[in-house]
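Asker: Attaching a predicted model along with its sequence, questions to come.
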Amino acid sequence: MEGVKMSRFAYFRAVGDRNGYIFVDALLAMIILVVALAAFLGTYRQATVGTVETRERTVATDLAMQTLENLKKYDWAGRGRTDAVWSSPTAQTVAVNGQTYTIRYGVITALTTTAIASNNNVIPVKVTVSWPTGKSVQMATYYLKQKTN
């Protein structure tokens, strides 16, 4: 302010007004920063929960596939769909990465396809893997019973 003389009172009033605006600007910037940070933390939490659920489902799917592969090696020659061994599903518990999974498998009794239902050489098997969060994975396949000589 060259050439203009200000009284001390007017000068301090102008500086005081500017300081008030700086405080309001800083307060608004902090509020915006807190809102953005809260949104980011909510998204981060949701992504973390999704990652854990995906890992659990992947492990359960792998366990179901392993069980079906192990059953493939089984000698089905002496077994039929109505044998007592299938009256209640076989269950086993496995711990993976600190999580407990329950694996159940058995013959599918309610068949919708009449061609398969009438063929006793085809054994339909279902595997269910569940874990304590209340979720589960199911897989089913058909095994051909080997003919005995």
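Answerer: Done, it's in. The structure displayed is predicted, hence computed values, not measured ones. Numbers count the residues shown, from 1 in each chain.

Asker: use CA for all of it now, contacts and neighbours both
Answerer: Noted.

Asker: Now do the same contact list for Y142.
Answerer: Y142 makes contact with 122-125, according to CA atoms under 8 Å, 6 or more residues apart in numbering.

Asker: and the helix or strand hosting it, which residues are buried?
Answerer: Per DSSP states H and E: Y142 is located in strand 136-144. Using 16 or more other CA atoms under 10 Å as the test for burial, strand 136-144 gives 136-138, 140, 142.

Asker: For it, enumerate its sheet partners and note whether each is parallel or antiparallel.
Answerer: In the sheet, strand 136-144 lines up against strand 122-130 (antiparallel) (DSSP bridges).

Asker: Mind giving me the packing neighbours of the host helix or strand of Y101?
Answerer: Assessed by DSSP H and E, Y101 sits inside strand 99-107. With contacts defined as 3 or more CA pairs under 8 Å, 6 or more residues apart in numbering; DSSP states H and E, strand 99-107 has these neighbours: helix 8-72, strand 90-96, strand 122-130.

Asker: Please work out which residues outside it touch it.
Answerer: 60, 63-64, 81, 86, 88-95, 123-132.
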